[in-house]
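*Asks:* predicted model and sequence below, questions to follow.
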Amino acid sequence: MKVLVATVSSPFTRGGAEALLDHLVDAVADAGHEVDVVTAPFQHGPSDRVARSVDFWLDQDFDIVDGVEVDRLICLKFPTYLARHPRKTVWLMHQLRGYYELWNQTVLEHRCDRGGLELRARVHRLDRRALSSPTPFTLSKTVSARLRYFSGLPSKPLYHPPPRAGALKTGMSEGFLLVPGRLVWHKRVDLVLRALAEARPPTRVLVAGEGPERSRLEALASSLGIGRRVDFLGRVSDEDLMDLYARCLAVVYAPLDEDYGYVTLEAMLAAKPVLTCTDSGGTLEFVRDGETGLVVPPDPVLLGQAINQLAEQQDSAARLGERGLEHYRSLGLSWPKVVGQLLDVDGAEDGP
């Protein structure tokens, strides 16, 4: 089978979406299919650039490309699923979040002008049409819930292993808390820093990641008087990140309404508990409060109290991590299962 995977990307940006693409392509190839990728750059604003991207994908027909018949098109991101193909499968990472649940929170200069409002209505209309049939897969129950709430459409959550699943290992705790991931506003590392300021010394936090928020976060740590208790490591290698997971006491991951959350699954594979928040989205599909981690409201004081609990009850924290690893193993996540469902191969098991 000739399989084409369609996505969009932002230049010089690499995160979970890019890792998912790489592993999906490898998994499709491992299943014995010929696979290739079609992609185009995407900008979230201003509205005329978003509209041009929408028009580009609406104009694409991938049934036959330069004389080659494509047996299956797998679409991952908006607006790739607007393209035409008689055998199209959508595995929805998320809709265009800035035009849905983040409309009032995302910084969009064009949000309130006529062009932005008209584009938002058009995006909603196109999504309802493009995602109505066949029933799409989604990255998680969180993404499915958004799709039903905003577009009134059903979908099927389809979980997959995190990119570094085979490399993670556990080790003895050295007492520090790990905050991995990109330093962008919706990951809410600032909330973690404010919580650390509420927590008792000498608990330390290691922040492993890079992004546009770094300088602001460093300044915040200094202003809170916790500069000596926070290490900003910048971008680290996969090998170093695996080592940090193995040596940390726990992982603090408090994003706003995360789509899926590789950090959660990676922490579980390293047998480390996850401290997250009640509004963190996809993380809550795996973290069970008091069983595999701790879940608290997104309040610095309450988050700080949870940090104290982990630091002062390290044996209990270790047990939470062990149960997290057991829970991950019980999910039976595998790429062959994912590919089987996306390509509708006989015998594929149902998603969660």
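*Replies:* Looks like it arrived, so ask away.

*Asks:* and stretch 251-268, how far out from the chain middle?
*Replies:* How far stretch 251-268 lies from its chain's middle: 8 Å, per Cα atoms, centre = their mean, to the nearest Å.

*Asks:* try stretch 301-321
*Replies:* 25 Å.

*Asks:* poorly predicted segments of the stretch 151-300 of the chain, please.
*Replies:* Within the stretch 151-300 of the chain, no stretch has pLDDT under 70.

*Asks:* show me where it has its strands.
*Replies:* Secondary structure of the stretch 151-300 of the chain, counting by DSSP state E, counting those that start in this stretch: strands at 156-157, 177-180, 205-208, 230-234, 250-252, 274-277, 293-296.

*Asks:* so for residue 265, which of those sits nearest?
*Replies:* Closest to residue 265 of the strands of the stretch 151-300 of the chain is strand 274-277 (Cβ to Cβ; 9.4 Å). In short, each C-beta sits where N, CA and C put it, glycine included.

*Asks:* packing partners of the closest one?
*Replies:* Helices and strands touching strand 274-277, by 3 or more Cβ pairs under 8 Å, 6 or more residues apart in numbering; DSSP states H and E, are strand 250-252, helix 262-269, strand 293-296, helix 300-312.

*Asks:* mind running it again at 7 Å?
*Replies:* With contacts defined as 3 or more Cβ pairs under 7 Å, 6 or more residues apart in numbering; DSSP states H and E, the packing partners of strand 274-277 are strand 250-252, strand 293-296, helix 300-312.

*Asks:* among those, which is the most enclosed?
*Replies:* Comparing the helices and strands packed on strand 274-277 by mean neighbour count (mean count of other Cβ atoms under 10 Å), strand 250-252 ranks first with a mean of 28.

*Asks:* how far away is the residue nearest to residue 176 when sequence neighbours are not counted from residue 230?
*Replies:* The shortest distance from residue 176 to any non-neighbouring residue, by Cβ to Cβ, 6 or more residues apart in numbering, is to residue 204 (4.7 Å). Taking Cβ to Cβ, to the nearest Å as the measure, residue 204 falls 7 Å from residue 230.

*Asks:* which of those two has more neighbours?
*Replies:* Ranked by neighbour count (other Cβ atoms under 10 Å), residue 204 and residue 230 place residue 230 first, with 23 against 17.

*Asks:* ok, the more buried one touching residue 220?
*Replies:* No. At 9.4 Å, residue 230 does not count as touching residue 220 under the criterion of Cβ atoms under 7 Å.

*Asks:* which stretches in the protein count as helices?
*Replies:* Applying DSSP state H to the chain gives helices spanning 16-30, 47-58, 114-130, 141-151, 189-198, 214-223, 238-247, 262-269, 300-312, 314-331, 335-342.
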